[in-house]
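In: structure, please.
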Amino acid sequence: MKKKTYTPAQANRALPRVRRLVGQIVELVALLPDLQDQSRIAEYEFHRPRASEDDAIRVEETLSAVRSAEADLAEAVQELDDLGIRLKDARIGLVDFLAYREEELVELCWKLGEDEVRHWHRLGEGYPGRKPL
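Out: As a prediction, this is how the structure comes out:
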């Protein structure tokens, strides 16, 4: 299957959608550890000798919150993948768009917080190899 490639102009036109997805991914990746901790604590408290019905409800609520966040994260990552955009770092919101530069397959590099796609690097060079367009 042929991989989607972008010109810098096409990548910049896709940024409103990409920015929304990547922002959601960064937020969820930051939130998930706390939700998972809350769920473990609720589970622990539920298994105490004097656990109540409220403890059982809290276990279900926290598990539901974790599952919902995980599903939202998976959906956002899949949507990026469907666009042919590679998520490189979910913590900082780093993505790459495949592109051709002088007939060489390269990656256009964009990070959450940047106004537009202004950098590129060769395949495998990653973020440290970023160069201005």
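
In: ranges for the strands of this protein?
Out: With DSSP state E as the criterion, the chain has strands at 85-89, 94-101, 104-111, 119-122, 131-132.

In: turn those into JSON lines, columns for mean pLDDT and mean neighbour count.
Out: (Each C-beta comes from the backbone N, C-alpha and C, glycine too.) Converted to JSON lines, those look like this (pLDDT from 0 to 100; neighbours: other Cβ atoms under 10 Å):
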{"stretch": "strand 85-89", "mean pLDDT": "96", "mean neighbour count": "17"}
{"stretch": "strand 94-101", "mean pLDDT": "96", "mean neighbour count": "20"}
{"stretch": "strand 104-111", "mean pLDDT": "96", "mean neighbour count": "20"}
{"stretch": "strand 119-122", "mean pLDDT": "96", "mean neighbour count": "18"}
{"stretch": "strand 131-132", "mean pLDDT": "94", "mean neighbour count": "10"}
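
In: any chance of a markdown table for these, columns distance to Asp34?
Out: Formatted as a markdown table, the strands of the chain follow (distance: least, Cβ to Cβ, whole Å):
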| stretch | distance to Asp34 |
| --- | --- |
| strand 85-89 | 20 |
| strand 94-101 | 22 |
| strand 104-111 | 24 |
| strand 119-122 | 32 |
| strand 131-132 | 37 |
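
In: quick check, pLDDT for the residue most central in space within the chain.
Out: Among the residues of the chain, the one closest to the centroid is Ile25, at 3.4 Å (Cα atoms, centre = their mean). Looking at Ile25, its pLDDT is 98.

In: again, but for Arg17
Out: Arg17 is given a pLDDT of 97.

In: give me the spatial nearest neighbour of it, chain neighbours excluded.
Out: Nearest residue to Arg17, sequence neighbours excluded (Cβ to Cβ, 6 or more residues apart in numbering): Leu83, at 7.4 Å.

In: can you pull the contacts of that neighbour?
Out: Counting by Cβ atoms under 8 Å, 6 or more residues apart in numbering, Leu83 touches 4, 14, 17-18.

In: look up phi and psi at it.
Out: phi -80, psi -10 (degrees, to the nearest 10).

In: pretty sure Leu21 is touching Asp81, no?
Out: No - using Cβ atoms under 8 Å as the test, Leu21 is too far from Asp81 to be in contact (10.2 Å).

In: alright, that wraps it up for me.
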